[in-house]
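> coordinates only, sequence not included:
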């Protein structure tokens, strides 16, 4: 299978054996390759993302960096009187779904022979990259905004990473990491296409858990869109392989306090106009200028999906509701649950409706529950 | 399959349809029943503890309270130059292995029609029972010592449980719960035999993951021994069913600061002499007078196993080592890792050597890593 990295802007392509996280023109790269799916082999393997081995673009098994992660439970809940299947992606080793991407990206870093990286994040991607780099013996420096939860900061430090807390916004944090990336490698969950290669496994797992059928609708919280975009690629690949016969409608949820994609979607543009971000509980999706915003808009539009904005009160309410049902999640995940609820109150989309709980409650314990 | 609860002291037996957590004589109860294992059926089911359905003593499927938990990864690490397989039991929904027991016990509570319970714990069993009671809609009150980590307290509260922080020791906390249990039901992970029925699944999973073979040695941290005892029962059952052909040697690890079982083992007694407990990082096993101490001693002796005590410095060192390898665990789990290391430095036990990492680092972030 010939793999190549292709620029999303100028279309220049690169061989994958060369470590690279952006095009010479400065734009985002995507990975092109043809995955294979052998369902009998898959079903015979341990329940981790690596059961889809022939669909994961790592050359040598020996380069795989793994904790046996993935194949998270898919749990049925009633929301607004309708049935929703929630993927419990907070049960990954680092406590968030970001491990799907980090497992692939860090395996590729190992394959490339890279020994040092930088990454920036609101916290979860950072702790995930730190966790997998620790497993691989790769040094890493993680940049987070000063506001990132103590739990996430401690986790990054415990994994032996250098932590840089940046005074300023999430965007200032990215700038600091980009500057540091000038003389090392940028293991960005947003820029690096191998991260998205990992989040594709979300689609593979969901379809397998549904008996190799696609959900009718997928609702997910979206900041930089690493889950939604990866899943979208994954569904397309399963469709091309004639394993599923439709792509789910994508419902993308943002916090009203920081909803650049909602605004662009409502205006019908493909550019993302700059917004003034407000404070939000959903720190994991507080992204004012998502790098892959155009790709996210296009994916949602192509599937006949839509965007939903949820208020802080709705996020808070969902957080309480989910907790009192035993789903101890962080506020960013509650934003997804709130979006699903808001959407289902007014729509009856094609089923099954799948959503995802992306981060553990232990990552950002609610202030009102401080003992 | 006729099930009954049998007193470990006076041998009086009770039908299981009657809710009961101790004998009329005041002693501990054990559950007797004959589990069934149909390997083909098991291997065809989703990767959770419920794949061993015919071995789990819940009558009606409709009473099962679950998040799809279990079948955690078994990961290979080199310790003291030797190979150890660590079960990543910190990847359960509430962040600790206690969910194995809570899933069974709370399912049984539901089957019994119980609406309110009390429980006491150093934190993990409490947050696990709170999580599963929330899922089942059962009210619960959780008693913890004042020293229990903020993360665990917040988690208990977020699941809608009442939290009682007791000024005093772990033993005072148990007394407070016992008093409260006078007029409600005691969902104790120590007293209630259905909790141990859940931790048996550890043995089932490990043997299945080894290709239906038993490990040669199992090393685990022991406070009240709910994992070790449950696993021991599970191995015995697999042996009786002729699925495995040996019981692993049990290596039980305690913190030197609180090692009543180590002392009793060294003295060769079956009584557990009272000890003066010191402060330990391993709060999850800081139990001065383990209720099932005699059973634990007997299990370890029968398998030709032994006890190991680890110092605070050794726990701290293991915590750092495991973290720098990406295994972000709490100090109680690091005690297990430290014990394995200490043991393997001086012994070459029968392999494979299996151990377990029981609680997530997010449950008790190390103080030195506070940002």
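Yep, it's here. Note that this is a predicted model, so its numbers are computed, not measured. Residues are numbered from 1 along each chain as shown, chains lettered A, B, ... in the order given.
> And chain B, is the lowest-mean-pLDDT helix or strand in chain A touching that?
Using mean pLDDT, DSSP states H and E, the weakest-scoring helix or strand in chain A turns out to be helix A:170-180, at a mean of 92. No: using Cβ under 8 Å from any Cβ of the partner chain, helix A:170-180 never reaches chain B; the gap is at least 14.3 Å. To be clear about C-beta, it is placed using only N, CA and C from the backbone, and glycine gets the same treatment.
> List the neighbouring strands of the helix or strand that that helix is followed by plus their orientation.
Downstream of helix A:170-180, the first helix or strand assigned by DSSP states H and E is strand A:185-186. Take DSSP bridges as the rule and strand A:185-186 pairs in its sheet with strand A:116-120 (parallel).
> pLDDT of the strand it pairs with, averaged?
If you average the pLDDT over strand A:116-120, you get 97.
> quick one: buried residues of stretch A:163-183?
Buried residues in stretch A:163-183, counted by 16 or more other Cβ atoms under 10 Å in any protein chain shown: A:163-164, A:166, A:170, A:173-174, A:176-178, A:180-181.
> Let's have those residues in CSV, adding distance to residue B:220.
CSV is the format used below for those (distance: Cβ to Cβ, whole Å):
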residue, distance to residue B:220
A:163, 32
A:164, 38
A:166, 42
A:170, 42
A:173, 41
A:174, 44
A:176, 44
A:177, 41
A:178, 46
A:180, 42
A:181, 43
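> State the pair within the residues you listed that is farthest apart.
With Cβ to Cβ as the measure, no two of these lie farther apart than A:163 and A:178, at 17.4 Å.
> so what's the nearest residue to residue A:317 once chain neighbours are set aside up against?
Excluding the flanking residues, the one nearest residue A:317 by Cβ to Cβ, 6 or more residues apart in numbering or on different chains is residue A:338, at 7.0 Å. By Cβ atoms under 8 Å, 6 or more residues apart in numbering or on different chains, the residues touching residue A:338 are A:253, A:310, A:314-315, A:317-318.
> what do you get for residue A:251?
A:217-220, A:300, A:305-308, A:339-340, A:343, A:349.
> From the contacts of residue A:338, which land in helices?
Using DSSP state H, the subset of the contacts of residue A:338 located in helices is A:314-315, A:317-318.
> These: which two are farthest apart?
A:315 and A:317 (7.4 Å).
> Name the residue in those two with the higher neighbour count.
residue A:315 (27 against 16; other Cβ atoms under 10 Å in any protein chain shown).
> Tell me if I'm right that the more buried one and residue A:279 touch.
No: contact criterion Cβ atoms under 8 Å: residue A:315 and residue A:279 do not qualify, at 11.7 Å.
> returning to that earlier point: just the buried residues from the contacts of residue A:251, in PyMOL please.
Buried residues among these (16+ other Cβ under 10 Å), as a PyMOL selection:
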select buried, chain A and resi 217+218+219+220+300+305+306+307+308+339+340+343+349
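> In JSON lines: the contacts of residue A:251, plus secondary structure, pLDDT and distance to residue A:38.
Output for the contacts of residue A:251, formatted as JSON lines (DSSP: H, G, I helix; E, B strand; the rest coil; pLDDT from 0 to 100; distance: Cβ to Cβ, whole Å):
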{"residue": "A:217", "secondary structure": "strand", "pLDDT": "98", "distance to residue A:38": "28"}
{"residue": "A:218", "secondary structure": "strand", "pLDDT": "98", "distance to residue A:38": "25"}
{"residue": "A:219", "secondary structure": "strand", "pLDDT": "98", "distance to residue A:38": "30"}
{"residue": "A:220", "secondary structure": "strand", "pLDDT": "98", "distance to residue A:38": "28"}
{"residue": "A:300", "secondary structure": "helix", "pLDDT": "98", "distance to residue A:38": "31"}
{"residue": "A:305", "secondary structure": "coil", "pLDDT": "97", "distance to residue A:38": "30"}
{"residue": "A:306", "secondary structure": "strand", "pLDDT": "97", "distance to residue A:38": "35"}
{"residue": "A:307", "secondary structure": "strand", "pLDDT": "98", "distance to residue A:38": "36"}
{"residue": "A:308", "secondary structure": "strand", "pLDDT": "97", "distance to residue A:38": "37"}
{"residue": "A:339", "secondary structure": "helix", "pLDDT": "98", "distance to residue A:38": "36"}
{"residue": "A:340", "secondary structure": "helix", "pLDDT": "98", "distance to residue A:38": "33"}
{"residue": "A:343", "secondary structure": "helix", "pLDDT": "98", "distance to residue A:38": "36"}
{"residue": "A:349", "secondary structure": "coil", "pLDDT": "97", "distance to residue A:38": "32"}
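> coming back round to it: looking at the residue nearest to residue A:317 now. What's its pLDDT?
pLDDT, residue A:338: 98.
> How about residue A:169?
Value for residue A:169, per-residue pLDDT: 85.
> Remind me what the least confident helix or strand of chain A packs against, helices and strands.
Under the contact criterion of 3 or more Cβ pairs under 8 Å, 6 or more residues apart in numbering or on different chains; DSSP states H and E, helix A:170-180 touches strand A:116-120, strand A:139-145, strand A:162-166.
> So which residues of chain A form strands?
Using DSSP state E, the strands of chain A run over residues A:4-7, A:13-15, A:29-32, A:74-79, A:82-88, A:116-120, A:139-145, A:162-166, A:185-186, A:217-221, A:249-255, A:306-310, A:353-357.
> show me where the stretch 1-150 of chain A has helices.
A:39-43, A:98-112, A:124-136, A:150-158 (DSSP state H, counting those that start in this stretch).
> Leaving out sequence neighbours, find the closest residue to residue A:67.
Using Cβ to Cβ, 6+ apart and skipping the chain neighbours, the partner closest in space to residue A:67 is residue A:93 (4.4 Å).
> For residue A:281, see how far away the one you found is.
25 Å (Cβ to Cβ, to the nearest Å).
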